[in-house]
Structures are given as structure tokens and as C-alpha cells.
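Would you be able to build a 3D model of this:
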Amino acid sequence: MNKALLVALLIMLSACTESNDPKNLFDQGKYNEATKLWLPLAKMGDPVAQNYIGIIHYLGLGKDRNYKVAMQWFEKSAVSGYADAEYNLGVMHENGESVKKDYVTAYKWYYLAKEDGNTHAKNRMQAMAEEHKLFPNQMKHAVEQAKEHNLPHIH
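All right, here's what the predicted structure looks like:
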């Protein structure tokens, strides 16, 4: 009987931690519950939480889409060098979402994301080159801008 009680307790503990994990809630489509847990963390400067709050606004998950608010959260996260937020800023600049379409700025953010470990950023940079969205000198300028960005995480 002790084994059955132990198993029941482990299942209950597992369920409790899942309900307190905003990533699990997000993955389950419980966006409002995830937001309630992430928002305080995001306001305290957690870059992962900031990025997810940005995603929720960007995609309109559990609320109306709001590119402007999404960009604000992505920018806060990107300042700390969070690669996924840098990538998301690149997408927004490339597509002209909440900002004027700007391929040089998009390429800069993709470069920063790549340097910080985002695996998709290099593909977007290559695609921009193959789609002739930028001339080689513009790509070079974007990389120079990224290096001058003077964030502590930049090489």
C-alpha cells in the first residue's frame, strides 16, 4: 500500500508543478493562465517571460493581436541577448509589422540572434540574400550595426 500512496503523491506533485509552469500551460493552449504566471516575471526582467509575452501579443493568443505591444516585449528581452526575441524582432522588421519594413534592421537582428544561438536566424539571413532583399554592402552594414549595438552579449 505504501507504494500506491507514493505513486499517488508523485502524480499529484507532478500535476501541481505542471499547473505552475507557464511553458506547460502555453503548450497546452492555456494562454491566459500562462500569461498570469509570465507577466510578473516579465515585468521583473526575465527575458524568457518577456519573449513569451511578446509571442502571445504577436500571435493574439487569448487576446487580440497587438504588434506594437509584442515589439515592446521582444525589445526588452533582446536587450539581455535572448536570441529568440532578437529573431522575433528580425521577423517584425522584415515583414513591416508595427514598424516600417526595414531589411537592414531585420538582418541586424537576425545576425544578433545567430550570434546568440538561434538556429533559425542563419536560415533567414541566407533567405534574405537569396531573395535579393539586400545587396552585399547592406548585409555588411547590418553586421557592423549589430557589432556597434554595444550590448554586453555581442562578440
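
Could you list the domains of this protein?
According to automatic domain parsing, the chain comprises the domains 22-73, 81-150.

Now do the end-to-end distance for the first one.
Which is domain 22-73. Using CA to CA, to the nearest Å, the end-to-end distance of domain 22-73 comes out at 17 Å.

Next secondary structure after the host helix or strand of V91?
Using DSSP states H and E, V91 falls within helix 83-95. Counting by DSSP H and E, the next helix or strand C-terminal to helix 83-95 is helix 103-115.

roughly how far is that following helix from the heart of the chain?
14 Å (CA atoms, centre = their mean, to the nearest Å).

List the buried residues for that helix?
By neighbour count on 16 or more other CB atoms under 10 Å, the buried set for helix 103-115 is 103, 105-115. C-betas here are computed from N, CA, C, even on glycine.

what does the helix holding V91 contact?
Here helix 83-95 makes contact (CB atoms under 8 Å, 6 or more residues apart in numbering) with 47, 50-51, 54-55, 58, 67, 70-71, 73-78, 97-99, 101-103, 105-110, 112-114, 116-118, 120-121, 124, 128, 133.

Put the buried members of those into a ChimeraX selection.
Listed next is the ChimeraX selection for buried residues among those, using 16+ other CB under 10 Å:
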select :47,50,51,54,55,58,67,70,71,73,74,75,76,77,78,97,98,103,105,106,107,108,109,110,112,113,114,116,118,121,124,128,133
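
any idea how far K114 lies from M139?
K114 sits 12 Å away from M139, going by CB to CB, to the nearest Å.
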